[in-house]
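K.L.:
sharing a sequence plus its predicted fold:
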Amino acid sequence: MTEHGPKRHAKNPLQRTRLPLLPPSARSRRAHGLTLAAASGRFMLQCCAECGRYAYPARDACPHCLSEDLPFRDAPPRGELLSETTIQVTSDPYFRDHMPFRSGLVKLDCGPVAVVGLHRACGGPGSQLELSLQIDRAGQAVLFAKPLLETPDMENDPQWRELTAHPKDRRVLISDGRSPVALPLAKALARAGASKIFVGVFDRWKPFETEVAFDAIDGVECVDLDLTSERSVQDLARDIGAKVEILVNTADHVRPSHLFDAGLTNSAREAMDVTVMGLMRLAQAFGPIMRVRGADGFAGAVAWVNVLSVHGLSSQPKFGVQSAAHAACLSLSHWLRGELRQGGIRVINSFCGPLDTEWYQTVPPPKVDPRSLADAIVDGLIRGLEDIYVGDVAKDIEARLFDNPKAVEREAGR
Amino acid sequence: MVSPRARQNYDGVVLAVPVTVPYQRYSIETAHWWMGRALRALADGAGISHRDFDGFSTASFTMGPDTAIALTQHFGISPRWIDHIALGGAAGIVAIRRAARAVQAGDAEIVACVAADTNQVDTFRKTVANFSRFAQDASYPYGAGGPNASFALIARHYMDRYGATREDFGKLCVAQRENALKSSHALMKKPLTLEQYMSARAIAEPFHLFDCVMPCAGAEGFLVMREDSARGLGLPFVRLLSAIERHNAFPDDPVQERGGWLMDRDELYGMAGARPEQMDFVQTYDDYAIISMMQFEGLGFCGIGDGPQFVRQHTFTTDGSFPHNTSGGQLSAGQAGAAGGHLGITEAMRQLMGIAGGTQVKDAKLGLVSGFGMINYDRGLASAAAILARA
């Protein structure tokens, strides 16, 4: 394993666990255009469709020509620092826990001037900076600036770490070790510095070919977890619930079927039990403890990842049950996001196209190597994303849904 | 475009009855209570009933959900002209400008201009957190430093560009404290040395504790009327010679380094028939010393960027070479919300009436008051100024 920054210390049992607070979350409706961009890691600002000039802060008319046609468009994520301050005193309870706070005024290459959070590695006024839109603990978009070149230990900057869900020094639970993504995910998390990786395995008496490979990864521990059993999930939460800072739900149930197959509802119920009910059981057992640990030190609880099929967004007829189950999981994830936000815990959904695995044998390429999915999830944690689209099929569906959802529906399965 | 037509003068417009309701650091009362105290003092000072005020102009951050109209019922008055000026530190001068035209035109005879804010335990945090849409969207979520953080960015840039130092800011703060010690209205009653200023704890670099105003509760008020009315009531008064306001000036400056005064100052001095060096004192809007320096520059007391040099060349106490913020300003009197924009006006009136007591500037005949306000996002948007003269 790589060398860490601040080492995890055993917690002093006499010390009170700090409760999570949230940064100021009031935003205008228009400003949520930034939230949309931040969720998938894009840098978008309003750009006037009539005069072509960028505008910031978010507004309802172009300050140059008063056009109301101000869509959010990709913008060059660069700028020059004009001035900076380090705030030592605030009356806001969340920020009081995060003093000092370095902020600056940046002249964006695309025109407007923006107040941004500043990484401590940034130089002073005159420095060129790279900007990004980030989702903060309250789920709202904020601008953050880093130097153009990476410096050592950048991920340890306290302000930056608040805006991401870096696995470094954190403990992770992967809910289903039998998922094809579980092993590459455990490897990628270990590379990113996760201090412990619990891997849930159901029916451990059954053959589990990858167990040796899991055991070879530093910090991995396989644990019993059956997502279809309330008791199993609760038992595990009692054992390790307070040690999970990132939870990745990899549970899935892929079976090709036809809507008019006899007995379909039985297999569908089974799929729903693993996926939808499984997610609900996990949420009930692990959600409450993660939510109160959102401010529990440098490596407090930070993220919940749902590994979903992109067909949860648009049904794929050959895998209609899985599509429906993942659509339900998506809805449930929004509910969970609302609950976990109160603890500053980020709920991330990854939307993946068909994997290059046995159950998708009949599906033509392009398909996604499970290693790519694993890397995309860890990248999403490191960058602090909320929606991750993995693979060409998922990216295609994302773009087409944005363009015309009806066309996606009509062309499904063709 | 704005017509080049010369503005009508303010001949015959006067200000009377300067009122300051003594400030408190914290108050359990509402803004309405403070406004009521000011209105009572105005009526007492004028020797008439408050129901005789047929014009009523208010400014406040903490009166919500009420505005001036609700207060007419609250205070039992039936004015024929009202105004509610949500311009923070520029509200005082703007109130004068609007009220002056109302009395000139005969829309009102006597306009009571009042600014009041309370400061309950959590008032300041709530005001800052809900200040404006741009602030909520794009500045408050970055450390929630409030005005300290926003003006720190402006100050740091000004220091980098024009060579101002903390000592320059400190010199103004220390001089104002010296003035405050002679004033009966100031909350800050302990002497302040430059050493104490320099070694105070940091708030938002480059600002330290004594760069920042102390939020408090208080009220300021005055009456605007025609000279005839004042004479009829037997009231001492000061004359309004000229007044300007400008909003969102120089929007293309990436960082604010000048206010709107620069755009209108020729008109300010032209209408008054006076030059900057004739002013016997200046009351700037001093939410921070850097903003006072921008006013020295913008109002023509020195060139743009020469603020630091100007500060080093002058002394700013009531007996100094450039008497400035003679009551201690907001930095030493306290910032009573929107009343901070009126504090310089009432003090200027007292100076010109010769009733300023311990802070009296000798032979004060002409004074300049300026206002500045509303840091909507990254800069203060409103700037205003007026020249007043002894009657």
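P.N.:
Alright, I've got the coordinates.

K.L.:
check residue 82 and give its pLDDT.
P.N.:
Looking at chain A here, since you left the chain open. With respect to pLDDT, residue A:82 has a value of 98.

K.L.:
actually chain B
P.N.:
At residue B:82, pLDDT is 98.

K.L.:
ok, it to residue B:338 distance?
P.N.:
From residue B:82 across to residue B:338, the span is 16 Å (CB to CB, to the nearest Å). No exception for glycine: its C-beta is placed from N, CA and C like everyone else's.

K.L.:
those two: which has the busier surroundings?
P.N.:
Using other CB atoms under 10 Å in any protein chain shown as the criterion, residue B:82 and residue B:338 rank with residue B:338 on top: 29 against 19.

K.L.:
ok, that one - contacts?
P.N.:
B:59-61, B:88-89, B:91, B:115-117 (CB atoms under 8 Å, 6 or more residues apart in numbering or on different chains).

K.L.:
just the residues you listed: which are in strands?
P.N.:
Judged by DSSP state E, strands contain the following of the contacts of residue B:338: B:59, B:115-117.

K.L.:
and which of these is nearest to chain A?
P.N.:
residue B:117 (16.3 Å; CB to the nearest CB).

K.L.:
what's the burial count for the closest one?
P.N.:
Using other CB under 10 Å as the criterion, the residues surrounding residue B:117 number 28.

K.L.:
bridged to it, which residues?
P.N.:
residue B:218 (DSSP bridges).

K.L.:
that one and residue B:32 touch, don't they?
P.N.:
No - using CB atoms under 8 Å, residue B:117 is not in contact with residue B:32, being 10.7 Å away.

K.L.:
next, the buried residues of stretch B:384-391.
P.N.:
For stretch B:384-391, the neighbour count (16 or more other CB atoms under 10 Å in any protein chain shown) marks B:384-390 as buried.

K.L.:
would a markdown table of those with distance to chain A, pLDDT and secondary structure be doable?
P.N.:
As requested, the buried residues of stretch B:384-391 are exported to a markdown table (distance: CB to the nearest CB, whole Å; pLDDT from 0 to 100; DSSP: H, G, I helix; E, B strand; the rest coil):
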| residue | distance to chain A | pLDDT | secondary structure |
| --- | --- | --- | --- |
| B:384 | 23 | 98 | strand |
| B:385 | 26 | 98 | strand |
| B:386 | 30 | 98 | strand |
| B:387 | 33 | 98 | strand |
| B:388 | 35 | 98 | strand |
| B:389 | 39 | 98 | strand |
| B:390 | 42 | 98 | strand |
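
K.L.:
let me know the closest of these to residue B:55.
P.N.:
residue B:386 (17.7 Å; CB to CB).

K.L.:
leaving out sequence neighbours, find the closest residue to that closest one.
P.N.:
residue B:243 (3.9 Å; CB to CB, 6 or more residues apart in numbering or on different chains).

K.L.:
what sits against the one you found?
P.N.:
B:10, B:93, B:96-97, B:100, B:268, B:384-387.

K.L.:
which one of those sits closest to residue A:180?
P.N.:
Nearest member of these to residue A:180, counting by CB to CB, is residue B:384, at 68.8 Å.

K.L.:
residue B:222 versus the residue nearest to that closest one when sequence neighbours are not counted, what's the distance?
P.N.:
Ranked by CB to CB, 6+ apart and with sequence neighbours excluded, the top spatial neighbour of residue B:384 is residue B:93, at 3.6 Å. Look at residue B:93 and residue B:222: by CB to CB, they are 12 Å apart.

K.L.:
same check, this time on residue B:363
P.N.:
22 Å.

K.L.:
spatially central residue for chain A, please.
P.N.:
For chain A, residue A:348 is the residue whose C-alpha lies nearest the centre (CA atoms, centre = their mean; 3.0 Å).

K.L.:
name the nearest of the contacts of residue B:338 relative to residue B:155.
P.N.:
Using CB to CB, the contacts of residue B:338 come closest to residue B:155 at residue B:89, 16.5 Å.

K.L.:
what about the closest residue to the closest one other than its chain neighbours, how many neighbours?
P.N.:
Spatial nearest neighbour of residue B:89, excluding adjacent residues (CB to CB, 6+ apart): residue B:373 at 3.4 Å. Using other CB under 10 Å, residue B:373 is surrounded by 26 other residues.

K.L.:
then stretch A:156-175 to CSV, C-alphas only?
P.N.:
Presented in CSV, the C-alpha positions along stretch A:156-175 are these (Å, rounded to 0.1, in the frame of the first residue of the first chain):
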residue,chain,number,x,y,z
ASN,A,156,-5.0,16.0,1.8
ASP,A,157,-6.0,19.6,1.5
PRO,A,158,-8.8,19.9,4.1
GLN,A,159,-11.1,22.1,1.9
TRP,A,160,-10.6,19.8,-1.1
ARG,A,161,-11.2,16.7,1.0
GLU,A,162,-14.5,18.1,2.1
LEU,A,163,-15.6,18.3,-1.5
THR,A,164,-14.6,14.8,-2.4
ALA,A,165,-15.0,11.3,-1.1
HIS,A,166,-11.4,10.1,-1.4
PRO,A,167,-11.0,6.5,-0.2
LYS,A,168,-7.6,7.3,1.3
ASP,A,169,-7.5,6.2,5.0
ARG,A,170,-11.2,5.2,4.8
ARG,A,171,-12.9,1.9,5.4
VAL,A,172,-15.1,0.5,2.7
LEU,A,173,-17.8,-2.1,2.5
ILE,A,174,-18.4,-3.8,-0.9
SER,A,175,-21.8,-5.4,-0.4
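
K.L.:
list the buried residues of it.
P.N.:
Under the neighbour-count criterion of 16+ other CB under 10 Å, stretch A:156-175 has A:156-157, A:159-175 buried.

K.L.:
anything in that stretch near chain B?
P.N.:
No - with CB under 8 Å from any CB of the partner chain as the criterion, chain B is not reached by stretch A:156-175; the gap is at least 8.9 Å.

K.L.:
which parts of chain B sit against chain A?
P.N.:
So chain B meets chain A at B:124-125, B:128-130, B:133-134, B:136-146, B:148-150, B:152-154, B:156-157, B:160, B:201-207, B:251, B:254-255, B:377-378 (CB under 8 Å from any CB).

K.L.:
could you redo the last one with a cut-off of 7 Å?
P.N.:
B:124-125, B:128-129, B:133-134, B:136-145, B:149, B:152-153, B:156-157, B:160, B:202-205, B:254-255, B:377-378 (CB under 7 Å from any CB of the partner chain).

K.L.:
buried subset of these, written for PyMOL?
P.N.:
Here is the PyMOL command that picks out the buried ones among the residues of chain B next to chain A, judged by 16+ other CB under 10 Å:
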select buried, chain B and resi 124+125+128+129+133+134+136+137+138+139+140+141+142+143+144+145+149+152+153+156+157+202+203+204+205+255+377+378
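
K.L.:
wait, does stretch A:110-122 contact chain B?
P.N.:
Yes - with CB under 7 Å from any CB as the criterion, chain B is reached by stretch A:110-122 at A:113-117.

K.L.:
give the contact list for the residue of the stretch 251-400 of chain A found nearest chain B.
P.N.:
Using CB to the nearest CB, residue A:344 is the residue of the stretch 251-400 of chain A that sits closest to chain B, at 13.8 Å. Applying CB atoms under 7 Å, 6 or more residues apart in numbering or on different chains to residue A:344 gives the contacts A:20, A:22, A:137, A:294-295.

K.L.:
biggest separation within those, which pair?
P.N.:
The widest separation within these (CB to CB) is 9.8 Å, between A:22 and A:295.
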